[in-house]
Structures are given as C-alpha cells and as structure tokens.
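> Following is a predicted model, sequence given first.
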Amino acid sequence: TKPLCAPLIMAKFCLYSIVAASAIALSAVEVSSFQHAAVVTVGMKLPAQRVSHFSQQHHSKAINTGMLLSRRPSPSSSSSKVVLKAADVGITDGSPAGETPKDKVVPFPIVLWRFTRPHTLIGSALAIPALHILAAPTYKDAFTTAAAISTLFAMIPSLLMNLYITGLNQITDVEIDKVNKPNLPIAAGDLSPKAANVIVTLALILSLAMGIAHPILGSRGLNVALWGSGILGTMYSLEPVRLKKFPLFAAFCIVAVRGAVINAGFYAHATSAAYGVPTTVLA
C-alpha cells in the first residue's frame, strides 16, 4: 500500500469539474426546451406561392413551438389565408388526441424525481465517496467494508438534506418559476404546495435524525455537514433572511455549503467513522 496524495486530489478536482459541466449542460438544455419564439397572426394573408408551400407541407411542425399549421384556403385564386385557431393546435408531447397536458396525470415517483432537481444530487453523490477515498490512509483502506458502510450512511441523509434545500427553494419561488422554469413540478401544477411542504419537512426530519441515530456512524463531521447545509439552505430561501435576494450573499451561501461545509464535514466523518483516526476538530 502507499499513501494517498496528489493524484486523488486531482481526481476529486476532475469529478467536481464534471459535475459543474453537467449542471451547466443540463441548465442549457432545460432553458432551450422551454423557449417559445413563434407568434402567429390569425387571418394573415399570404401570397399564392407561399400557399403552395404550405400545401406541400400540410402538417409540418412549426419549429420551436410543437404546433401544427393547418392550411385553410379562401375562395380567392390570387391569395389565401392561413388561419391558426386554438382547436387546430396539437401539442407534440405524446398526449392522446383530445387530451391536454393538464389532463395528463404524471406518476408521483416521476414528479418526486423532478422535485429533487436531480442534477443537484450529483455533487453530493460524488463528493461523499471521493472524500472517503481522499481521507483514507492507504489505497487499501479506501475499499474496505467499513469505508463502504460509512459512505452509504452519510449518503442517505445528505441526499435527503439536498431534497429539503432544493424543495424549499421551489416552494418559495413558485411565481418566479412559473416564468423562468415552468417545467418544475409546483410551477407546472404537478405537485401541490401542501404536498411539497410535507415532502421537505419529512426530508429534513429524516436527514437530521439519521445524523444522530448511530453512536459511531453518526459522527460529528456528518452532523456539521447536515446542520450547516440545512441552516444555510434555509437562510438562502426563506424569509425574513432570504439571502438569494442579495447576489453577493447568495454566492457566498452556495460557496460556503459546497466549498467548505460539505468538504470539511464529510472528510471529518470519513476519518472517524470509516478509518477510526480522528484528525480534525470536527471529527
């Protein structure tokens, strides 16, 4: 065996870089998927040559709108009208004919998965095992049963805390999300605010309870990570503090959680719970 050093630090850096790139890519796809750029004027007159183009593509899809244009020629031989009525609009989301998206009931597991903001789970899911590997005295120690149990025990409450933080943010931003992120469950009407409140409350209670449930695995470092993230996440979204109203404080809050609280807390948890060698004040 040999001690862990710079290679693992670089590996962790690469993992976080992948997480950041993935989050940016997902955000870009999300934004582009919900842009609506077409404005159609009912009763607009078009030249005869334009009408012939529509006759060749009678059911062609309007780009970026998911709507079908339907040609309705007038008796005149020199010009025609292209009329788009509400009844002629088809939504290409796979819904059966005559069924609007609001009529379609989305299964609760899918709604819950969307409510978790999955791309935000990537950071915690990668950080905890990476920090356990980084804290291991040797390569061999990093892949023991004790390390795996410690990683799993920390993973569950951390993901629950992540659900609490992202869920609370959605609950307090419903009106904003209806404009900027209309696909989110509450903004889209797939999840009621009452149900969302129940979910985030249970997630918070279960997360903090797991942190103190075991005398060894419920380490001081784990509790620092959970409580620190929970407090800052609450201050980020909830009035009267609501740090996200202030760009500088909002950025500080995010950096503090991802850059300091999680790294220090889970590293300390790994050293004590997995390897039994507390080396920091948190452990």
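Structure received.
> How many residues are close by residue 104?
Residue 104 has 12 neighbouring residues, counting by other C-beta atoms under 10 Å. The C-beta positions use only the backbone N, C-alpha and C, and glycine is treated the same way.
> And for the one 3 residues further on?
Here the number of neighbours of residue 107 (other C-beta under 10 Å) works out to 9.
> The one 4 residues further on too?
As a burial measure, residue 111 scores 18 neighbours (other C-beta under 10 Å).
> repeat for residue 177
By other C-beta under 10 Å, neighbour count at residue 177 equals 19.
> likewise the one 10 residues further on?
Around residue 187 there are 19 other residues, counting by other C-beta under 10 Å.
> Contacts only, for it.
Going by C-beta atoms under 8 Å, 6 or more residues apart in numbering, residue 187 touches 170, 174, 177-178, 181.
> Among the residues you listed, which ones are in helices?
Per DSSP state H, helices hold the following members of those: 170, 174, 177-178.
> Let me see the ranges of the strands in the chain.
Using DSSP state E, the strands of the chain run over 44-47, 79-82.
> hang on, the earlier thing: looking at the ones in helices among the contacts of residue 187, spot the one nearest residue 205.
residue 170 (18.6 Å; C-beta to C-beta).
> quick one, what contacts the closest one?
Neighbouring residues of residue 170 by C-beta under 8 Å, 6+ apart: 115, 117, 177, 184-187, 196.
> Give me the local confidence score for it.
Looking at residue 170, its pLDDT is 96.
> could you measure it against residue 236, distance?
Going from residue 170 to residue 236 by C-beta to C-beta, to the nearest Å gives 12 Å.
> for residue 222, same thing?
21 Å.
> do you know how far residue 120 is from residue 126?
Distance from residue 120 to residue 126, by C-beta to C-beta: 12 Å.
> Those two: which has the busier surroundings?
Comparing residue 120 with residue 126 by other C-beta under 10 Å, the one with more neighbours is residue 120, at 18 against 15.
> That one is in contact with residue 162, isn't it?
Yes: using C-beta atoms under 8 Å, residue 120 is in contact with residue 162, at 6.0 Å.
> picking up where we left off before, just flag the most distant two among the contacts of residue 187.
170 and 178 (11.2 Å).
> Quick check: mean pLDDT of stretch 112-119?
Per-residue scores along stretch 112-119 average to 93.
> So which bits of it are buried?
Judged by neighbour count using 16 or more other C-beta atoms under 10 Å, the buried positions of stretch 112-119 are 114-117, 119.
> got the end-to-end distance for it?
Stretch 112-119 stretches 14 Å from its first residue to its last (C-alpha to C-alpha, to the nearest Å).
> For the stretch 151-283 of the chain, give me the ranges with low pLDDT.
Residue ranges of the stretch 151-283 of the chain with pLDDT under 70: 278-283.
> count of neighbours near residue 266?
By other C-beta under 10 Å, 32 other residues sit near residue 266.
> quick one: contacts for it?
127-128, 131-132, 154, 158, 221-222, 225.
> Grab the nearest non-local neighbour of it.
For residue 266, ignoring the flanking residues on the chain, the nearest one in space by C-beta to C-beta, 6 or more residues apart in numbering is residue 131 at 4.6 Å.
> Would you mind measuring from the one you found to residue 220?
From residue 131 to residue 220 the distance is 15 Å (C-beta to C-beta).
> Tell me which of these two has more neighbours.
residue 131 (26 against 18).
> I'd say the more buried one and residue 268 touch.
No: Residue 131 is beyond contact range of residue 268, at 9.3 Å (criterion: C-beta under 8 Å).
> tally of neighbours for residue 151?
Count around residue 151 with other C-beta under 10 Å applied: 21.
> pretty sure it is touching residue 274, no?
Yes: contact criterion C-beta under 8 Å: residue 151 and residue 274 qualify, at 7.4 Å.
> got any residues that touch both of those two?
Common neighbours of residue 151 and residue 274 (C-beta under 8 Å, 6+ apart) are residue 132.
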